[in-house]
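Asks: My questions concern the predicted model and sequence given below.
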Amino acid sequence: MLAPADIDRLRADLLAADYTLDAVSDRLGEVALAGLARNSTMPVVRALGHADDPQADAIRLWLLQRPVRAAALRGWSSLDALRAAGLLSGDDELHATVELKPHGSNRSSGWICSDQTPLDGRSTRPRTDFVLGASPASTTLSQLVPPGPVGRALDLGTGCGIQALHLDASAIVATDLNPRALDLARISLGLSGVPAELRLGSLYEPVADDRFDLIVTNPPYVISPPSPDRLVYRDGGFTGDDLMREVVTGAPAHLTPDGTLVVLGNWAVTAQPWTERLEGWLRPTGCDALVLQRELLDPYAYVELWLADAGLVGAPEYDRRYAEWLDYFDAAGIEGVGMGWLALRNSGREQPRLRVEEWPHAVHQPVGQAFADFFSALPSAALPDAEFLAQRWELRPEVVQETIGTPGAADPQHVVLRQQTGFGRAVEVDTALAAIVGACDGDLPLGILVGAVAGLLEVDPDALRDEVLSPLRRLVEDGYLLLG
Ligand SMILES: C[S@@+](CC[C@H](N)C(=O)[O-])C[C@H]1O[C@@H](n2cnc3c(N)ncnc32)[C@H](O)[C@@H]1O
């Protein structure tokens, strides 16, 4: 594809055209950028008008998929290499065959090179080795990752390289099954000045002997019937959700002690409770785990979503493909599909904690720190009773209490403690628990606070202690209470 020296030349050309995230954002403004985020080009076309400066031409060529006059790029030092690599085609008019999108993260700034996003409602059938650009799922995953720095990190299924661009790691390995993905990731990473070792292969094969402090992956998780024209960026080619299972169960062999895996994906929901099914994957890993199911789709909604993604709406085979997909789900006993987030920590604790639950509510992104805090809190949440009660817990300042009840009533019907950060957890508590938690300011041991509240409410202190211990442990796990 492009040699490293050509990537350097391309970078210099893009900079000379002022085709950078800040400059392009300033020029286009919020409304046009919002249009582009909807894959609509007209707002940008209008914002550019008839301008024929180098930046306008770069925007038309690399973002809008419009041709530009060859003369406009005459001064580009990377022109011949781009043509030779097939990234530009044409003679008098040049067409880009890939997308080069300015990109910035708190780790790097540069460009993402990917296949071209279908624009303006065009419903094209992607090539089977299509390399997706930064999608909403990519952005979500990058926000789930605990902030670094870490030593070695693995971006499994790197695609255009988007996750690697966000990793705060001293060494990055990025893998993919699709050689085109590695070609384009090499350009994204090179343009953005992010060094990474790129390796070709499936799942953990290319890293058989390696261990990482962090593994991140947005794998091809779509649960779909076998098909000769499967889209490698989304259809893993495994039965049901076996690819997700392999990502999870294979991780411990590649995690350092205390290493973390973060995955965004889908899982099949069958007659067996989904939580039990996922616990079956997680338990043998010996790791602590937190799984949040964000959404549950019925088979029809799921199949329609992905048929549309494949550009099949309105195609002659739409009904046949739809029916085949439903038959596949029926045969596998798949009654729905869960979509969510999964994180593992290789903590080596004797009794790993598995939390597998639905959390469809709004969160405060980025939630990477909330995942890290969850794992860090587990040892203190599991302290023996006497030690747990001896700690001076402190309520996180961002927690608010909401009371709901009939106007004028002496007591509220519901008291909810809500986090205003991280996962935005909300938990209903009774008067006693609210009083104990409210008194946690890091000064007095928990046991004393429980005794005092029992006195105020005129209840048996031992009975109250037994009643509140378990919910209090959960509040520690969920980051409401910190060690003072
Ligand atoms: C949904 S895309 C994610 C791309 C990118 N990491 C992101 O976050 O947007 C999944 C990627 O996994 C790659 N892939 C597919 N099957 C794979 C496999 N068995 N092993 C490794 N990567 C695979 C695809 O080529 C694709 O680049």
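Replies: That came through fine.
Asks: Now the lowest-mean-pLDDT helix or strand in the chain - C-alpha only, CSV.
Replies: Ranked by mean pLDDT, DSSP states H and E, the weakest helix or strand in the chain is strand 399-404, scoring a mean of 92. In CSV, the C-alpha atoms belonging to strand 399-404 read as follows (Å, rounded to 0.1, in the frame of the first residue of the first chain):
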residue,chain,number,x,y,z
VAL,A,399,-24.3,11.3,44.9
VAL,A,400,-27.6,13.0,45.3
GLN,A,401,-30.7,11.8,47.2
GLU,A,402,-34.0,12.0,45.4
THR,A,403,-37.3,11.6,47.3
ILE,A,404,-40.6,10.8,45.6
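Asks: next SSE after it?
Replies: Next along the chain after strand 399-404, taking DSSP states H and E as the criterion, comes strand 414-419.
Asks: now what about that following strand, what contacts it?
Replies: 396, 398-405, 424-431, 434, 437, 475, 478-480 (CB atoms under 8 Å, 6 or more residues apart in numbering). In this view, the C-beta of every residue, glycine as well, is placed from N, C-alpha and C.
Asks: With stretch 463-476 instead?
Replies: Outside stretch 463-476, the residues that reach it (CB under 8 Å, 6+ apart) are 377, 380-382, 385, 388-389, 393, 417, 427, 429, 432-433, 436-437, 446-447, 450, 453-454, 457, 481.
Asks: ok, then the element right after the helix or strand containing Val468?
Replies: Using DSSP H and E, Val468 sits within helix 461-477. With elements assigned by DSSP H and E, the helix or strand that comes after helix 461-477 is strand 481-483.
Asks: which strands and helices sit next to that following strand?
Replies: With contacts defined as 3 or more CB pairs under 8 Å, 6 or more residues apart in numbering; DSSP states H and E, strand 481-483 has these neighbours: strand 393-395.
Asks: what sits against the residue of the stretch 1-150 of the chain found nearest the ligand?
Replies: At 3.3 Å from the ligand, Ser138 is the closest residue in the stretch 1-150 of the chain, using CB to the nearest ligand atom. Counting by CB under 8 Å, 6+ apart, Ser138 touches 132, 159, 162-163, 218.
Asks: out of those, who's nearest the ligand?
Replies: Distances from the ligand to the contacts of Ser138, taken by CB to the nearest ligand atom, are shortest for Gly159, at 2.7 Å.
Asks: Contact partners for that closest one?
Replies: Residues counted as contacts of Gly159 (CB under 8 Å, 6+ apart) are 114, 131-132, 138, 176, 178, 181, 184-185, 218, 233.
Asks: Least confident of those?
Replies: Among the contacts of Gly159, Tyr233 carries the weakest pLDDT, at 91.
Asks: So which of the contacts of stretch 463-476 sit within strands?
Replies: Judged by DSSP state E, the subset of the contacts of stretch 463-476 located in strands is 393, 417, 427, 429, 481.
Asks: any idea how far the residue nearest the centre of the chain is from Leu33?
Replies: Against the mean C-alpha coordinate of the chain, by CA atoms, centre = their mean, the closest residue is Leu141 at 1.2 Å. Remark: distance between Leu141 and Leu33 (CB to CB, to the nearest Å) = 22 Å.
Asks: Equivalent analysis for Leu88, please.
Replies: According to CB to CB, Leu88 and Leu33 sit 25 Å apart.
Asks: okay, those two: which has more neighbours?
Replies: Leu88 (23 against 16; other CB atoms under 10 Å).
Asks: confidence score at that one?
Replies: Predicted confidence (pLDDT) for Leu88: 97.
Asks: what sits against it?
Replies: For Leu88, the contact set (CB under 8 Å, 6+ apart) comprises 73, 79, 82, 94-97.
Asks: Secondary structure added to those, as TSV?
Replies: Listed next are these as TSV, based on DSSP: H, G, I helix; E, B strand; the rest coil:
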residue	secondary structure
Leu73	helix
Leu79	helix
Leu82	helix
Leu94	strand
His95	strand
Ala96	strand
Thr97	coil
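Asks: Give me the domain ranges for the chain.
Replies: Here the domain assignment for the chain is 4-97, 136-378, 383-483, based on automatic domain parsing.
Asks: highest average neighbour count across these?
Replies: For those, the largest average neighbour count (mean count of other CB atoms under 10 Å) is found in domain 136-378, namely a mean of 19.
Asks: Quote the end-to-end distance of that one.
Replies: The straight-line separation of the ends of domain 136-378 (CA to CA, to the nearest Å) is 30 Å.
Asks: Please apply the same query to stretch 341-355.
Replies: 12 Å.
Asks: Now do that stretch: distance to the chain's middle.
Replies: Averaging C-alpha positions (CA atoms, centre = their mean, to the nearest Å) puts stretch 341-355 19 Å from its chain's average.
Asks: Tell me if I am right that Thr260 is in a strand.
Replies: Yes. Counting by three-state DSSP, one finds Thr260 located in a strand.
Asks: Residues in a beta bridge with it, which ones?
Replies: Leu214, Arg345 (DSSP bridges).
Asks: Can you verify my assumption that it contacts Asn346?
Replies: Yes. Between Thr260 and Asn346 there is a contact under CB atoms under 8 Å: 7.5 Å.
Asks: Where does pLDDT dip in the stretch 351-484 of the chain?
Replies: Applying pLDDT under 70 to the stretch 351-484 of the chain flags no residue at all.
Asks: mind running it again at 90?
Replies: 403-413, 484 (pLDDT under 90).
Asks: Near the ligand, which residues of it are found?
Replies: Contact residues, the stretch 351-484 of the chain versus the ligand (CB under 6 Å from any ligand atom): none.
Asks: ok, now the stretch 51-200 of the chain?
Replies: Near the ligand, when you scan the stretch 51-200 of the chain using CB under 6 Å from any ligand atom, you find 132, 135, 138, 141, 156-159, 162-163, 175-178, 181.
Asks: show me where the stretch 51-200 of the chain has strands.
Replies: 68-69, 88-89, 93-96, 99-104, 109-114, 150-156, 169-176, 197-200 (DSSP state E, counting those that start in this stretch).
Asks: Ser123: which of the ones you listed is closest?
Replies: strand 99-104 (17.5 Å; CB to CB).
Asks: List the buried residues in the closest one.
Replies: 99-103 (16 or more other CB atoms under 10 Å).
Asks: quick one: Gly340 and Val291 touch, right?
Replies: Yes. With contact defined as CB under 8 Å, Gly340 and Val291 form a contacting pair (6.5 Å).
Asks: quick revisit: mind listing what the residue nearest to the centre of the chain touches?
Replies: Under the criterion of CB under 8 Å, 6+ apart, the contact partners of Leu141 comprise 163, 216-218, 262, 264.
Asks: Could you export these to a markdown table, including columns for distance to Arg46?
Replies: Putting the contacts of Leu141 into a markdown table (distance: CB to CB, whole Å) gives the following:
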| residue | distance to Arg46 |
| --- | --- |
| Gln163 | 34 |
| Val216 | 38 |
| Thr217 | 39 |
| Asn218 | 34 |
| Val262 | 40 |
| Leu264 | 35 |
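Asks: May I see the strands of the stretch 51-200 of the chain arranged in a markdown table, with distance to Arg211 as well?
Replies: Formatted as a markdown table, these follow (distance: least, CB to CB, whole Å):
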| stretch | distance to Arg211 |
| --- | --- |
| strand 68-69 | 47 |
| strand 88-89 | 41 |
| strand 93-96 | 40 |
| strand 99-104 | 29 |
| strand 109-114 | 28 |
| strand 150-156 | 7 |
| strand 169-176 | 11 |
| strand 197-200 | 15 |
